[in-house]
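[1] how would this look folded up:
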Amino acid sequence: MIVVMGAAGATGGATLRSLTAPAAPGAPVRALSRDPARLAAALDPHTRARTAIHPADATDPGSLRTAFRGGQQLFLTMANSPDQVRYELNAIEAAVDCGVQHVVKVSAPAAEPDSPVAVSRGHHLIEERLRSTGITTTVLRPYAFMQKLLLLAPGIAAAGVVHGATGGARCNYVDVRDVGDAAAEVLTRPEAAGGTYPLTGGRAYSHPELAALLGELLGRPIRYLDLGPSGLKAHLVGRAGMPDWLATHVVEIQQLAVDREEMPDATFHRLTGRAPRTLGAFLGENLHRFR
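    Next up is the predicted model:
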C-alpha cells in the first residue's frame, strides 16, 4: 500500500494521478486529506476509482497513525509554511510507529544546515530526522514549479510586465506533473528507492528570457522589470498580497539562483526514460491566463 500525503495539493495530486494512470502498475493507493469528501469530488473518475481516501490531519498524530496503518510506503509532501517542519516530523514519527518501510520526501534544492533559504534549512532538518529512523529514504529535489508562474499571470495580462530580482541569472523550472511522474517511478520500482533526485526541466531560463518567450507566444511585447530583493518583497506583499514569510521565501529562492548558477539536470530523463515537459509547452497550455 502506498500512502500519499498532501493528495489535495499540487505535488501530491500529481503523484496520485501518476500512480493511478491507466499505464501505471496498479499498486494499491491510499490518499489522505483533512477533507476526504472535497478531495473525492476533485478527482477525475478514473483516479477516484483506483484510490482509497482516508481522513488525516498533520496536526493530529493519532489521525496520522490511523491513516498510515497497513501502509508500506509513504509519499510525504506538505505545503511550505512556518509549521512545515513540525507537521512533517509528526508524519515521520507516525510512519515509524506504523512500520512504514519507505518514505519518499519532497524536499528542495540547497537543503543544507546553512542554506540561504529558510525553507530549505527546514527541509534539511526533516531529512536528517528521516534518515536517522533507518527507514529507506528517497529524496526528491524539484526546482521551481512551472505552475507557480501562473501567479504572475494577472500582472502580465494587465501590464505586460514580469517582476523579479534575478537580473540575468537563469532559473530551473520543472512541471509539477513531472515531479509526480518521478515520484511514481521511485514508489513502484524498488531498485530506484533510496536515492536523491534533483528534478529540473530541460532548460534554465532567465527572467528576461521568460518575458521574451511569453511575448513570442502572446504576440505582444512583454518586458522584465528587475526590482531588486527589497523592491520585489515590497511588491509581493503590497501588490500581490503575499504574507511576509512567503514573500521572503520567493526573494530567497530568486537570490539563490543569482548566487548559485542553475543548470538543467538529466536525472528526470534517466529515471523515467523521457525528456521533461518544456516551459514553452506549459505556457502554451495556459496562455489564456496571460492574455
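[2] what ranges do the helices span in the protein?
    Taking DSSP state H as the criterion, the chain contains helices spanning 10-19, 36-42, 45-49, 61-68, 84-98, 118-132, 153-159, 176-188, 207-218, 228-238, 244-259, 267-272, 279-285.
[3] Redo those as CSV? Include mean pLDDT, mean neighbour count and distance to Lys105.
    Where C-beta positions appear, they are placed from N, C-alpha and C, glycine not excepted. What follows is those, written out as CSV (pLDDT from 0 to 100; neighbours: other C-beta atoms under 10 Å; distance: least, C-beta to C-beta, whole Å):
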stretch, mean pLDDT, mean neighbour count, distance to Lys105
helix 10-19, 96, 24, 11
helix 36-42, 93, 14, 21
helix 45-49, 92, 13, 22
helix 61-68, 96, 18, 15
helix 84-98, 96, 19, 8
helix 118-132, 96, 18, 6
helix 153-159, 90, 14, 30
helix 176-188, 98, 23, 10
helix 207-218, 97, 18, 29
helix 228-238, 94, 16, 27
helix 244-259, 93, 18, 18
helix 267-272, 96, 17, 16
helix 279-285, 97, 16, 25
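[4] For these, give me a markdown table that also has distance to Leu74.
    Formatted as a markdown table, the entries for those read as follows, by distance: least, C-beta to C-beta, whole Å:
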| stretch | distance to Leu74 |
| --- | --- |
| helix 10-19 | 11 |
| helix 36-42 | 17 |
| helix 45-49 | 19 |
| helix 61-68 | 7 |
| helix 84-98 | 5 |
| helix 118-132 | 10 |
| helix 153-159 | 34 |
| helix 176-188 | 9 |
| helix 207-218 | 35 |
| helix 228-238 | 33 |
| helix 244-259 | 25 |
| helix 267-272 | 19 |
| helix 279-285 | 29 |
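[5] for the ones you listed, which one sits closest to Arg30?
    Minimum separation from Arg30 across the helices of the chain (C-beta to C-beta) falls at helix 61-68, 7.3 Å.
[6] on contacts alone, who are the packing partners of that closest one?
    Taking 3 or more C-beta pairs under 8 Å, 6 or more residues apart in numbering; DSSP states H and E as contact, the helices and strands that helix 61-68 lies on are strand 51-55, helix 84-98.
[7] residues contacting Met78?
    Met78 sits next to 5-6, 58, 84, 87-88, 91 when contact means C-beta atoms under 8 Å, 6 or more residues apart in numbering.
[8] Walk me through the domains of the protein.
    If you go by automatic domain parsing, the domain ranges for the chain are 1-141, 143-175+199-291.
[9] So which of the ones you listed is nearest Val186?
    Minimum separation from Val186 across the domains of the chain (C-beta to C-beta) falls at domain 1-141, 4.9 Å.
[10] Skip the chain neighbours and tell me the closest residue to Arg65.
    Ala94 (4.7 Å; C-beta to C-beta, 6 or more residues apart in numbering).
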